[in-house]
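Peer 1: structure of the sequence below:
(2 chains)
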Number of protein chains: 2
Amino acid sequence: MKKVTMLDIAQKAGVSKATVSMVLNKRDGNISEETKSRILALAKEMKYIPNHLARSLSTKKTDTIGIVLPDITNPFFASIARAIEDRASYLGYNVIFCNTDNEINKEQKYIKVLISKLVDGVIFISGGESSVSIEMLKNNNIPFVLVDRYIDSYREAYGVYCLNKNGVIQGIDYLYSKGKRNIAFVKGPDTLEISNQRLEGYKNAMNKYNIYNENLIFKGAFNIEGGMKSTKLMLESNEKIDAVFYSNDIMALGGIKVLKRRGISIPEEISIIGFDNIHISQVIEPELTTIAQPIYEMGRESCNLLIDIINSKFIPNKQIYFETHLIIRGTT
Amino acid sequence: MKKVTMLDIAQKAGVSKATVSMVLNKRDGNISEETKSRILALAKEMKYIPNHLARSLSTKKTDTIGIVLPDITNPFFASIARAIEDRASYLGYNVIFCNTDNEINKEQKYIKVLISKLVDGVIFISGGESSVSIEMLKNNNIPFVLVDRYIDSYREAYGVYCLNKNGVIQGIDYLYSKGKRNIAFVKGPDTLEISNQRLEGYKNAMNKYNIYNENLIFKGAFNIEGGMKSTKLMLESNEKIDAVFYSNDIMALGGIKVLKRRGISIPEEISIIGFDNIHISQVIEPELTTIAQPIYEMGRESCNLLIDIINSKFIPNKQIYFETHLIIRGTT
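Peer 2: As a prediction, this is how the structure comes out:
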């Protein structure tokens, strides 16, 4: 079996390949209605599929975008990627995905590959020190949109974020209103700006209530193991704790495992709150109270923004900030 | 800022564009070492990135593969996709991903787009009645590998599967050895061959022990809601049940939620077993006993197989079957 070409259609229709090309590329002003419909019917019957590659070479557009993210198996990034792909597909674009594992070398390698593949644009969830990657995109004139992970030195770049600091303040306000005073905080990795933004929210809110105690700040990776390790250290610290704010949901799930194994009851002895509202925060029992990011909307808007840039549309706001909201469930 | 071209390098090096092209495309037999190293140094310094598109048009290779799957936010498919992308990247390929939501129209649309984008091959996780999609791939001579979801009418196609039936038998054998006799089974959607393969394993094993009772078979979608709904129906049926085998882990997680809410203790009153061993089966407490598929290995091997086909290598086995294994954890 062999791919159907314009030549095959031309031969069957008894016309030149140029005629077929004109019809299939809608440059058919000079061609009779009869020929046109015969060619279109044959193209359909023979299951002809146009070759985008040849078209791309003349239009310089590949109708493909790249998404660079830490790890697609992380439910938060899977949701963003899903939203982007849904929207891209709707707008006629394909999505290439790349997992960087937050490793800067991998990130740079992928950026190079995406540039060489002539993607029309890139949605970029930084893995940390991303300035070389971003400079490469700029030097090659590839439009890009930062998502979720704010980068201080690129505050002027196109980006879609949530209001991290306010989100944490919402959570502390709620815990305070429930009578909690010894609220621990588990921070994410120092290399990520969002870790610091969330910590800042914690410090602000705790200071506001005069209950700030720096011994209650712990640190972990943004994954289950990070939540488990930091919680073990927390328990060993012997600090009095009646609530824990984890910087993301996955960490909170890891923390809850450790607490349950130690026989600590949630929420009776310790209240737990996470950040993100990933789908599985509703899978566990009790379900996780969390600060919800509108993950799907953030993904969709980042895709809209990128494609607007690609199509040189007017962009009223280069940065889009989403509000978080508190979702009260069983762990508080 | 503007993309660096061969012409830019040529002008800076004081040579012709053709010379630069020859050096950068390793057709440099006639070019002096001095010129060669000057051009290569300039290409590096100016951050030149080659244009794959022009090369693809002559080689007919895009170094891109497509992966068609039901939903990247399902942790099972995210793991397979991750394994495929890791391996593809290692072998110099990019991966376009497409979410079909098990909808046949969406599936066919994506297959058309992938063909028109001239992907070198497709890894295909069927969403149900996929014969039109598969015929399109065949007619256009696009290599493809089926993964996970076996399709009876394409048993001769390249494919990577696990031994579903044996896996369920392993699980029932174990539950039987633990003294369980009233073992319910939650089947997946009828349209998927793997649902039937797993059901067959259940029937075989239950008949072997003379404890088969068709009233203990329930049905649900392969997601949390499917597990919750089927479990509610199960509880309403008033059948005596001391163990439940869910056809996948996500369903089992949904089922466990319902059982916990009804105050049924796991594993004391009802033992639970799932299928897949997705990462979050270890997140819940108690952790889920399950029949593990080697998800990552299956993804990796499907990518190896596809790229071997693309490169016309000798393929000793068109179908690769992986064994499952029982992982005993807290829910049994």
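Peer 1: quick one: residue A:131 and residue A:153 touch, right?
Peer 2: Yes. At 6.4 Å, residue A:131 counts as touching residue A:153 under the criterion of Cβ atoms under 8 Å. No exception for glycine: its C-beta is placed from N, CA and C like everyone else's.
Peer 1: excluding its backbone neighbours, what's nearest the residue nearest to the spatial centre of chain A?
Peer 2: Nearest to the mean C-alpha position of chain A, by Cα atoms, centre = their mean, lies residue A:80 at 3.8 Å. Distances taken as Cβ to Cβ, 6 or more residues apart in numbering or on different chains place residue A:299 nearest to residue A:80, at 4.0 Å, with adjacent residues excluded.
Peer 1: who touches the host helix or strand of the one you found?
Peer 2: Assigned by DSSP states H and E, residue A:299 belongs to helix A:295-310. For helix A:295-310, the surrounding residues in contact (Cβ atoms under 8 Å, 6 or more residues apart in numbering or on different chains) are A:65, A:76, A:79-84, A:86-88, A:91, A:93, A:120-123, A:143-145, A:147-148, A:158, A:160-162, A:276-278, A:315, A:320, A:322.
Peer 1: then stretch A:73-82?
Peer 2: Contact with stretch A:73-82 is made by A:67, A:69-72, A:95, A:97, A:125, A:147-148, A:222-223, A:248-250, A:276, A:278-280, A:295-296, A:298-299, A:302, B:71-73, B:75, B:78-79, B:82, B:97, B:99, B:279, as judged by Cβ under 8 Å, 6+ apart.
Peer 1: centre of the chain to it, how far?
Peer 2: 6 Å (Cα atoms, centre = their mean, to the nearest Å).
Peer 1: what helix or strand is residue A:145 located in?
Peer 2: Per DSSP H and E, residue A:145 falls inside strand A:144-147.
Peer 1: same for that strand, what does it pack against?
Peer 2: Here strand A:144-147 touches strand A:121-124, strand A:159-162, helix A:295-310, going by 3 or more Cβ pairs under 8 Å, 6 or more residues apart in numbering or on different chains; DSSP states H and E.
Peer 1: mind checking the SS state of the residue nearest to the centre of chain A?
Peer 2: helix (DSSP: H, G, I helix; E, B strand; the rest coil).
Peer 1: could you report the separation of it from residue A:86?
Peer 2: Residue A:80 sits 11 Å away from residue A:86 when distances are taken as Cβ to Cβ, to the nearest Å.
Peer 1: between the two, which contacts overlap?
Peer 2: Counting by Cβ under 8 Å, 6+ apart, residue A:80 and residue A:86 have no shared contacts at all.
Peer 1: host element of residue A:23?
Peer 2: Assessed by DSSP H and E, residue A:23 sits inside helix A:17-24.
Peer 1: could I have the CA atoms of that helix written out in PDB?
Peer 2: Only the C-alpha atoms of helix A:17-24 are listed here, as PDB (Å, rounded to 0.1, in the frame of the first residue of the first chain):
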ATOM      1  CA  LYS A  17      -1.200  17.500 -11.200                       C
ATOM      2  CA  ALA A  18      -1.200  21.300 -11.200                       C
ATOM      3  CA  THR A  19      -5.000  21.300 -11.600                       C
ATOM      4  CA  VAL A  20      -5.300  19.000  -8.600                       C
ATOM      5  CA  SER A  21      -3.000  21.100  -6.600                       C
ATOM      6  CA  MET A  22      -5.000  24.300  -7.400                       C
ATOM      7  CA  VAL A  23      -8.200  22.700  -6.400                       C
ATOM      8  CA  LEU A  24      -6.900  21.100  -3.200                       C
END
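Peer 1: any buried residues in that helix, and which?
Peer 2: A:19, A:20, A:21, A:22, A:23, A:24 (16 or more other Cβ atoms under 10 Å in any protein chain shown).
Peer 1: Provide the contact partners of that helix at residue level.
Peer 2: Contacts of helix A:17-24 (Cβ under 8 Å, 6+ apart): A:6-7, A:9-10, A:13, A:27-28, A:30-31, A:35-36, A:39-40, A:43, A:48, A:50.
Peer 1: and stretch A:265-274, how far apart are its ends?
Peer 2: Length of stretch A:265-274, first residue to last, Cα to Cα, to the nearest Å: 17 Å.
Peer 1: close to chain B: what parts of the stretch 201-332 of chain A are there?
Peer 2: Neighbours of chain B within the stretch 201-332 of chain A, by Cβ under 8 Å from any Cβ of the partner chain: A:224, A:253-254, A:256-257, A:260-261, A:279-280, A:282-285.
Peer 1: narrow the residues you listed to those in helices?
Peer 2: Among these, the members falling in helices (DSSP state H) are A:224, A:253, A:254, A:256, A:257, A:260, A:261.
Peer 1: wait, which of these is closest to residue A:241?
Peer 2: residue A:256 (14.0 Å; Cβ to Cβ).
Peer 1: then residue A:165 would be within a strand, right?
Peer 2: No. Using three-state DSSP, the assignment for residue A:165 is helix, not a strand.
Peer 1: how many residues are close by residue A:47?
Peer 2: Around residue A:47 there are 14 other residues, counting by other Cβ atoms under 10 Å in any protein chain shown.
Peer 1: how close does residue A:269 sit to chain B?
Peer 2: Here residue A:269 is placed at a distance of 15 Å from chain B (Cβ to the nearest Cβ, to the nearest Å).
Peer 1: quick one, phi/psi of that residue?
Peer 2: phi -90, psi -40 (degrees, to the nearest 10).
Peer 1: pick the most buried one from the helices and strands packed on strand A:144-147.
Peer 2: strand A:121-124 (a mean of 27; mean count of other Cβ atoms under 10 Å in any protein chain shown).
Peer 1: strand partners of that one, parallel vs antiparallel please.
Peer 2: Strand pairing for strand A:121-124, using DSSP bridges, gives strand A:64-69 (parallel), strand A:144-147 (parallel).
Peer 1: which stretch among the ones you listed approaches residue B:186 most closely?
Peer 2: Nearest of the strands paired with strand A:121-124 to residue B:186, taken as Cβ to Cβ: strand A:64-69 at 33.1 Å.
Peer 1: relative to helix A:295-310, how tilted is that closest one?
Peer 2: Interaxial angle, strand A:64-69 versus helix A:295-310 (axes from the mean of the first three to the mean of the last three Cα atoms, to 10 degrees): 140 degrees.
Peer 1: work out the gap between strand A:64-69 and the centre of the chain.
Peer 2: Distance, stretch centre to chain centre, for strand A:64-69: 10 Å (Cα atoms, centre = their mean).
Peer 1: repeat that for stretch A:250-258.
Peer 2: With Cα atoms, centre = their mean as the basis, stretch A:250-258 stands 22 Å off its chain's centre.
Peer 1: can you check stretch A:65-72 too?
Peer 2: With Cα atoms, centre = their mean, you get 8 Å for stretch A:65-72.
Peer 1: ditto for stretch A:304-316
Peer 2: Stretch A:304-316 sits 18 Å away from the centroid of its parent chain (Cα atoms, centre = their mean).
Peer 1: using CSV, write out every CA atom in that stretch.
Peer 2: Taking C-alpha atoms only, stretch A:304-316 is exported to CSV below (Å, rounded to 0.1, in the frame of the first residue of the first chain):
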residue,chain,number,x,y,z
ASN,A,304,-5.0,31.1,23.6
LEU,A,305,-2.3,33.6,24.5
LEU,A,306,0.4,31.8,22.6
ILE,A,307,-1.7,31.4,19.5
ASP,A,308,-2.7,35.0,19.5
ILE,A,309,0.9,36.0,19.7
ILE,A,310,1.7,33.6,16.8
ASN,A,311,-1.1,35.2,14.7
SER,A,312,0.1,38.7,15.6
LYS,A,313,-3.1,39.6,17.3
PHE,A,314,-3.4,42.5,19.7
ILE,A,315,-2.6,41.4,23.2
PRO,A,316,-4.1,43.7,25.9
